[in-house]
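>>> Dropping a prediction and its sequence here:
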Amino acid sequence: MLVERTQNPAHGDYSVTLPLKLARTLRRPPMAIAEELATAMALPAAFGRTAVAPPGFINVTLDPAWLQAQLAPIAEAGEAWGRSELGRGLRVQVEFVSANPTGPLLFSHARGAVVGDVSARILDASGFDVQREYYVNDQGRQIRLLGESIQARMLDRPVPEGGYSGDYVAEIAAAARARGVSPDPTVLAGLGIEWVQGRIREDLARLGVRHDNLFLESSLYAGWDQETMTKLAALGRIVHQDGATWFKSDSGKDEVLIKRDGYPTYFWSDILYHRDKFEKRGFAQVVDVWGADHQGQVGRLKEALSVLGVDPDRLVVLLVQLISVKRGEATVRMSRRAGVGVSLKEMLDEVGPDAVRYFFLLRSADAQMEFDVDLARRQSSDNPVYYAQYAHARLANVLTFGAGARAEPAMSRLDSEWELELMRVMLRWPDVVREAADAREPHRLAFFTDELAAAIHRFYKNCRVVTEDAPLTAARLLLSRAARTTIANALGMMGVAAPDRM
RNA sequence: GUCCCCGUAGCUCAGCCCGGAUAGAGCACCGGCCUCCGGAGCCGGGAGCACAGGUUCAAAUCCUGUCGGGGACACCA
């Protein structure tokens, strides 16, 4: 039987639409079915009353006494409130950011960083064994160009075609000179990668993002490549043509694996890398967070995995849509490839990590978005993140204020619309986490948090917590503790601070 | 030409996967609220499902098409 939440609280907490769906097959009026079903239903004690409403809904309402009885356990559970073991310790990897180590992170990378990080936090809270990985393209043309660019800088030569020319290149060159490193492009590339990775780690740390593992692309070519190539050849999937090595696809559109110049394509390294995740390291599931501009690569990678005997459904690719940054009247579209735009560091300086995270989480990953820098800066105190943080700070404050109270809480007196509404909202928290995990949609956390904060503010404004009435005060303090626990956990799962004062 | 994402209030976005009862939020705008736990707040107000068909008792939600915006279709990364 389908039970769903009502949109309108006046209709109760849950509704059953089965009578409407049965009307045709039973050839009876839906209202009559509803009446009969409502009488026959055996409901758990949590439900107070049921009502039948036209054209054939059965509405059920949670019993206030049941709601009130949930508060103490929530406050008691603390950080555990909302966590579950639904994942049963299944090994899952979330791979995100993975930007080439050829320059500092751009603001556009931050969206994937936040989506990946919070996805990992959600899976972790749901009882999965999560590893966060960063894949480092530490070889190939771009890395050679990085080395040559640093060399050019050291020797005061022009930057090579397609090379890198940012200030950081000069910094690396200066550091190399200071350390007496010889101007050899290969050595300098290694130095450059090290420097850039350090800088990336720094920026991510400021954003509250960390990885458990760095995986080097170069490690894929120590035998794993031959082994995989042999396997594909045995499967009849390898074709040599025009001096290159191709993957024979069922789509009719073959793809190059090894170029005529002997270097591997990204497709080839992707195959090796993902086969490594599943076959060598044994992850049950892998979540990749990619920019939308890589969308075309999902299908071919899954086909290759499938050919190699890996169930492609074990790989989930979250495609994060591109963002544009608006400054004044100018809008700059940012793509990973464009290589131009605002640096992450700059944006962290301007807006702060909490606002950046919350702002990204207030959009679903598959929607393009525009980030208005001037707005984010100018109206920082109106930013939704402060609304949520303030709700937490208010509760922290009132709990301190009422700390001395000693009385048996009169739970049944928490019966105003604001108190009951706050309980209803906070009790949804475990469902929100589960749904966010199932759907891989971190943004659900932010929308829930916003709703919870609103319920907290309304409760606070309409129900004075600390009064002469000791039993009522005790009950409202307990409600405040449960609400604070919930919003602290929600903010925490998003990696956003939950301050006691602000 | 083919494929993917998007089109909901003046602006930025939820809701669509899994169809239900007056479609939500923030910002902006208008009007109220500080003798009392923090006014970064609360209360009230106007305004919207791109378009056209179809399926259904019921469509923002499912299907088809059209029109817009973005992205992808390399021996680039």
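Everything's here; your move.

>>> Close to RNA strand B: what parts of the stretch 101-250 of chain A are there?
Within the stretch 101-250 of chain A, the positions lying close to RNA strand B (Cβ under 7 Å from any atom of the strand) are A:137, A:140, A:141, A:142, A:241, A:242, A:243, A:244. Quick note: C-beta positions are derived from backbone N, CA and C, even for glycine.

>>> Stretch A:420-433: how far from the chain's middle?
Distance of stretch A:420-433 from the chain centroid (Cα atoms, centre = their mean, to the nearest Å) equals 20 Å.

>>> Identify the residues contacting that stretch?
Stretch A:420-433 is contacted from outside by A:9, A:13, A:62, A:64, A:67-68, A:70-71, A:74, A:81-84, A:122, A:125-126, A:414, A:444-445, A:448, A:451-452, A:455-456, A:458-459, A:479, A:482-483, A:486, A:489-490, A:493, using Cβ atoms under 8 Å, 6 or more residues apart in numbering.

>>> which residues of the stretch 251-400 of chain A fall in strands?
Applying DSSP state E, counting those that start in this stretch to the stretch 251-400 of chain A gives strands spanning A:255-258, A:285-291, A:315-320, A:323-327, A:330-334, A:369-372.

>>> Now do the fourth one: everything it contacts.
I take that to be strand A:323-327. So strand A:323-327 is contacted by A:107-108, A:111, A:331-334, A:341-342, A:368-374 (Cβ under 8 Å, 6+ apart).

>>> What is the lowest-pLDDT residue among the residues you listed?
Within the set of these, pLDDT is lowest for residue A:334 (67).

>>> Next SSE downstream of the strand or helix carrying residue A:146?
Using DSSP states H and E, the element containing residue A:146 is helix A:141-154. Using DSSP H and E, the next helix or strand after helix A:141-154 towards the C-terminus is helix A:167-178.

>>> Mean confidence (pLDDT) on that following helix, please.
95.

>>> What residues sit buried inside that helix?
Residues A:168, A:169, A:172, A:173, A:176 are the ones in helix A:167-178 that count as buried (16 or more other Cβ atoms under 10 Å).

>>> Next up, the contacts around the second one.
So that's residue A:169. Applying Cβ under 8 Å, 6+ apart, the residues near residue A:169 are A:146, A:149, A:150, A:153, A:159, A:192.

>>> so how far is residue A:261 from the residue in the stretch 101-250 of chain A that RNA strand B sits nearest to?
Scanning the stretch 101-250 of chain A for proximity to RNA strand B using Cβ to the nearest atom of the strand identifies residue A:242 as nearest, at 2.6 Å. Residue A:242 is 12 Å from residue A:261, where distance means Cβ to Cβ, to the nearest Å.

>>> what's around the residue of the stretch 251-400 of chain A found nearest RNA strand B, how many residues?
Closest residue of the stretch 251-400 of chain A to RNA strand B, Cβ to the nearest atom of the strand: residue A:296 (2.2 Å). Neighbours of residue A:296 under the rule other Cβ atoms under 10 Å: 8.

>>> With residue A:107 instead?
The tally of other residues near residue A:107 (other Cβ under 10 Å) stands at 23.

>>> same deal with residue A:450?
Neighbour tally, residue A:450, other Cβ under 10 Å: 18.

>>> unless I'm mixing things up, residue A:292 is touching residue A:321, no?
Yes. Judged on Cβ atoms under 8 Å, residue A:292 makes contact with residue A:321 at a distance of 4.7 Å.

>>> correct me, but residue A:83 touches residue A:127?
Yes. Checked against Cβ under 8 Å, the pair residue A:83 and residue A:127 is within contact range at 7.5 Å.

>>> pLDDT (mean, whole number) over the helix or strand that contains residue A:131?
Using DSSP H and E, residue A:131 sits within strand A:129-136. Looking at strand A:129-136 alone, the average pLDDT works out to 98.

>>> helices and strands around it, which ones?
On a contact count with 3 or more Cβ pairs under 8 Å, 6 or more residues apart in numbering; DSSP states H and E, strand A:129-136 meets strand A:91-95, helix A:107-125, strand A:213-216.

>>> Deepest in the core, which of these is it.
Of all the helices and strands packed on strand A:129-136, helix A:107-125 has the most neighbours on average by mean count of other Cβ atoms under 10 Å, namely a mean of 25.

>>> Where does the prediction get shaky in chain A?
In the predicted model, chain A carries pLDDT under 70 at residues A:1-2, A:328-329, A:334-340, A:378-380.

>>> quick one, whichever helix or strand residue A:436 is part of and helix A:107-125 angle?
Residue A:436 belongs to helix A:429-439 when assigned by DSSP H and E. With axes from the mean of the first three to the mean of the last three Cα atoms, to 10 degrees defining the directions, helix A:429-439 sits at 120 degrees from helix A:107-125.

>>> thinking again about what came up before, thought the residue of the stretch 101-250 of chain A closest to RNA strand B was touching residue A:260?
Yes. Proximity of residue A:242 to residue A:260 meets the contact threshold set by Cβ under 8 Å, at 6.6 Å.

>>> who's more crowded, those two?
Shown here are residue A:242 and residue A:260; by other Cβ under 10 Å, residue A:260 has more neighbours (11 against 7).

>>> mind checking the SS state of residue A:496?
coil (DSSP: H, G, I helix; E, B strand; the rest coil).

>>> wait, it sits on residue A:383?
No. At 11.2 Å, residue A:496 does not count as touching residue A:383 under the criterion of Cβ under 8 Å.

>>> ok, back up a step: in the contacts of residue A:169, which two residues are the furthest apart from each other?
The largest separation in the contacts of residue A:169, counting by Cβ to Cβ, is between A:159 and A:192 at 13.4 Å.

>>> who has more neighbours, those two?
Neighbours were counted for residue A:159 and for residue A:192 using other Cβ under 10 Å; residue A:192 has more, 27 against 15.
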